[in-house]
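[1] Kindly generate the corresponding structure for this input.
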Amino acid sequence: MSGLGIPDIEGAADRLAIGDVLHAYTAAIDAHDWVGAAAVFTEDALLDYTGSGGPVGSRTEVVDWIRESLSPLGRLQHSLTNIRVTIDGDHARSTSLLVNTILLQAGVEPGPGLLVGGQYDDRWRLTLEGWRIEGRIQATHWMAELVVRSTDGGA
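    Residues are numbered from 1 along each chain as shown. The predicted structure follows:
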(Lines give C-alpha, C1' and ligand atoms only; values in the text may rest on other atoms or scores of the structure.)
Protein backbone atom coordinates (compact mmCIF):
# COMPACT_ATOMS: atom_id res chain seq x y z
CA MET A 1 0.00 0.00 0.00
CA SER A 2 0.96 3.56 -0.46
CA GLY A 3 0.78 4.72 3.18
CA LEU A 4 -2.45 3.23 4.50
CA GLY A 5 -4.53 4.05 1.44
CA ILE A 6 -4.61 2.77 -2.12
CA PRO A 7 -2.79 -0.56 -2.77
CA ASP A 8 0.43 -0.30 -4.79
CA ILE A 9 0.68 -3.72 -6.49
CA GLU A 10 4.12 -3.19 -8.08
CA GLY A 11 5.50 -1.85 -4.79
CA ALA A 12 3.98 -4.80 -2.94
CA ALA A 13 5.87 -7.22 -5.22
CA ASP A 14 9.12 -5.36 -4.54
CA ARG A 15 8.49 -5.36 -0.78
CA LEU A 16 7.80 -9.11 -0.87
CA ALA A 17 10.99 -9.71 -2.88
CA ILE A 18 13.03 -7.67 -0.37
CA GLY A 19 11.45 -9.61 2.50
CA ASP A 20 12.41 -12.87 0.77
CA VAL A 21 16.05 -11.70 0.55
CA LEU A 22 16.06 -10.73 4.24
CA HIS A 23 14.74 -14.17 5.17
CA ALA A 24 17.24 -15.86 2.84
CA TYR A 25 20.01 -14.05 4.74
CA THR A 26 18.81 -15.15 8.18
CA ALA A 27 18.27 -18.73 6.97
CA ALA A 28 21.79 -18.79 5.48
CA ILE A 29 23.33 -17.46 8.71
CA ASP A 30 21.43 -20.01 10.80
CA ALA A 31 22.60 -22.82 8.47
CA HIS A 32 26.20 -21.53 8.47
CA ASP A 33 25.87 -21.07 4.70
CA TRP A 34 28.40 -18.28 4.22
CA VAL A 35 28.12 -18.27 0.42
CA GLY A 36 24.35 -17.85 0.72
CA ALA A 37 24.78 -15.09 3.29
CA ALA A 38 27.19 -13.19 1.02
CA ALA A 39 24.84 -13.55 -1.96
CA VAL A 40 22.28 -11.12 -0.51
CA PHE A 41 24.77 -8.23 -0.72
CA THR A 42 26.01 -6.36 -3.78
CA GLU A 43 29.69 -6.86 -4.57
CA ASP A 44 30.39 -3.23 -3.58
CA ALA A 45 28.26 -3.27 -0.40
CA LEU A 46 29.41 -1.30 2.64
CA LEU A 47 28.30 -3.03 5.83
CA ASP A 48 28.49 -1.78 9.42
CA TYR A 49 28.34 -4.49 12.09
CA THR A 50 29.98 -2.41 14.83
CA GLY A 51 26.71 -2.70 16.76
CA SER A 52 27.65 -6.29 17.58
CA GLY A 53 31.41 -5.83 17.85
CA GLY A 54 32.12 -6.42 14.17
CA PRO A 55 33.74 -4.37 11.44
CA VAL A 56 32.67 -1.75 8.99
CA GLY A 57 33.71 -3.22 5.69
CA SER A 58 33.06 -4.98 2.44
CA ARG A 59 30.82 -7.96 1.89
CA THR A 60 33.82 -10.30 2.12
CA GLU A 61 35.23 -8.68 5.28
CA VAL A 62 31.92 -8.74 7.14
CA VAL A 63 30.83 -12.24 6.07
CA ASP A 64 34.29 -13.56 7.03
CA TRP A 65 33.88 -11.93 10.47
CA ILE A 66 30.38 -13.43 10.85
CA ARG A 67 31.73 -16.87 9.85
CA GLU A 68 34.62 -16.65 12.33
CA SER A 69 32.28 -15.46 15.10
CA LEU A 70 29.41 -17.90 14.58
CA SER A 71 31.03 -21.10 13.27
CA PRO A 72 32.12 -22.32 16.74
CA LEU A 73 28.64 -21.80 18.18
CA GLY A 74 25.79 -24.24 18.42
CA ARG A 75 22.37 -23.69 16.93
CA LEU A 76 21.16 -20.29 15.80
CA GLN A 77 17.65 -19.12 15.10
CA HIS A 78 17.09 -15.65 13.65
CA SER A 79 13.63 -14.18 13.45
CA LEU A 80 12.74 -10.94 11.67
CA THR A 81 9.74 -8.79 12.39
CA ASN A 82 8.36 -5.31 11.73
CA ILE A 83 9.91 -5.19 8.25
CA ARG A 84 9.31 -1.74 6.78
CA VAL A 85 10.29 -1.07 3.15
CA THR A 86 10.27 2.13 1.12
CA ILE A 87 10.80 1.77 -2.63
CA ASP A 88 12.26 4.56 -4.79
CA GLY A 89 12.68 3.27 -8.35
CA ASP A 90 15.65 0.88 -8.46
CA HIS A 91 16.61 1.70 -4.87
CA ALA A 92 14.93 1.02 -1.56
CA ARG A 93 15.40 1.30 2.18
CA SER A 94 14.25 -1.13 4.83
CA THR A 95 14.26 -1.46 8.58
CA SER A 96 13.69 -4.79 10.27
CA LEU A 97 13.83 -5.90 13.88
CA LEU A 98 15.62 -9.12 14.71
CA VAL A 99 15.61 -11.60 17.55
CA ASN A 100 18.38 -14.17 17.52
CA THR A 101 18.46 -17.19 19.81
CA ILE A 102 21.98 -18.57 20.10
CA LEU A 103 23.13 -21.84 21.67
CA LEU A 104 26.67 -20.91 22.68
CA GLN A 105 28.23 -24.39 22.78
CA ALA A 106 27.72 -26.85 19.96
CA GLY A 107 26.66 -30.28 21.17
CA VAL A 108 25.96 -29.19 24.76
CA GLU A 109 22.29 -29.24 25.60
CA PRO A 110 20.87 -27.90 27.73
CA GLY A 111 23.49 -25.24 27.40
CA PRO A 112 24.18 -21.58 27.86
CA GLY A 113 22.55 -19.32 25.35
CA LEU A 114 21.84 -15.75 24.42
CA LEU A 115 18.74 -14.03 23.21
CA VAL A 116 19.74 -10.95 21.20
CA GLY A 117 17.46 -8.20 19.95
CA GLY A 118 18.48 -5.71 17.33
CA GLN A 119 17.79 -4.02 14.05
CA TYR A 120 18.94 -3.98 10.43
CA ASP A 121 18.80 -0.68 8.55
CA ASP A 122 19.39 -1.55 4.90
CA ARG A 123 19.85 0.28 1.61
CA TRP A 124 18.90 -1.77 -1.45
CA ARG A 125 19.63 -1.75 -5.17
CA LEU A 126 17.72 -3.63 -7.85
CA THR A 127 20.30 -5.67 -9.81
CA LEU A 128 20.07 -8.18 -12.64
CA GLU A 129 19.88 -10.87 -9.91
CA GLY A 130 17.06 -9.06 -8.09
CA TRP A 131 17.06 -6.87 -4.98
CA ARG A 132 20.40 -6.88 -3.11
CA ILE A 133 21.62 -5.02 -0.02
CA GLU A 134 24.17 -2.32 -0.87
CA GLY A 135 24.47 -0.90 2.63
CA ARG A 136 23.64 -2.12 6.11
CA ILE A 137 23.87 -0.82 9.65
CA GLN A 138 23.30 -3.58 12.21
CA ALA A 139 22.41 -2.50 15.74
CA THR A 140 22.17 -4.60 18.89
CA HIS A 141 19.54 -3.24 21.30
CA TRP A 142 19.56 -5.83 24.07
CA MET A 143 20.82 -9.25 25.18
CA ALA A 144 19.57 -11.77 27.70
CA GLU A 145 21.33 -14.88 28.99
CA LEU A 146 19.34 -18.09 28.98
CA VAL A 147 19.57 -21.86 29.04
CA VAL A 148 18.74 -23.45 25.70
CA ARG A 149 17.51 -26.99 25.17
CA SER A 150 16.43 -28.46 21.83
CA THR A 151 13.13 -30.26 21.73
CA ASP A 152 13.80 -31.93 18.38
CA GLY A 153 17.01 -33.78 19.15
CA GLY A 154 19.21 -31.14 17.57
CA ALA A 155 17.88 -31.53 14.01
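[2] tell me, what residue is most central in the chain?
    T26 (4.7 Å; CA atoms, centre = their mean).
[3] leaving aside the residues next to it on the chain, what's closest to that one?
    Nearest non-adjacent residue to T26, counting by CB to CB, 6 or more residues apart in numbering: H78, 3.7 Å away. No exception for glycine: its C-beta is placed from N, CA and C like everyone else's.
[4] try L115
    Nearest non-adjacent residue to L115 (CB to CB, 6+ apart): A144, at 4.5 Å.
[5] returning to what we had before: tell me which residues form a beta bridge with the residue nearest to T26?
    Judged by DSSP bridges, the bridge partners of H78 are N100.
[6] follow-up on the earlier one: could you verify that the residue nearest to L115 is part of a strand?
    Yes - assessed by DSSP: H, G, I helix; E, B strand; the rest coil, A144 belongs to a strand.
[7] what's the distance between it and I102?
    The span separating A144 from I102 equals 11 Å under the rule CB to CB, to the nearest Å.
[8] neighbouring contacts of the longest helix belonging to the chain?
    The longest helix of the chain (DSSP state H) is helix 9-30. With contact meaning CB atoms under 8 Å, 6 or more residues apart in numbering, helix 9-30 is reached by 1-2, 33-37, 39-40, 66, 70, 75-80, 83, 85, 87, 92, 94, 96, 98, 120, 122, 124, 126, 130-133.
[9] if we can go back for a sec, what's the burial count for the residue nearest to T26?
    As a burial measure, H78 scores 18 neighbours (other CB atoms under 10 Å).
[10] And the strands in this protein, which stretches?
    With strands called from DSSP state E, the chain shows them at 41-48, 56-57, 76-88, 91-103, 111-127, 130-148.
[11] Including mean pLDDT and distance to G11, could those go into a markdown table?
    Output for the strands of the chain, formatted as a markdown table (pLDDT from 0 to 100; distance: least, CB to CB, whole Å):
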| stretch | mean pLDDT | distance to G11 |
| --- | --- | --- |
| strand 41-48 | 98 | 21 |
| strand 56-57 | 98 | 31 |
| strand 76-88 | 94 | 5 |
| strand 91-103 | 95 | 9 |
| strand 111-127 | 95 | 12 |
| strand 130-148 | 95 | 12 |
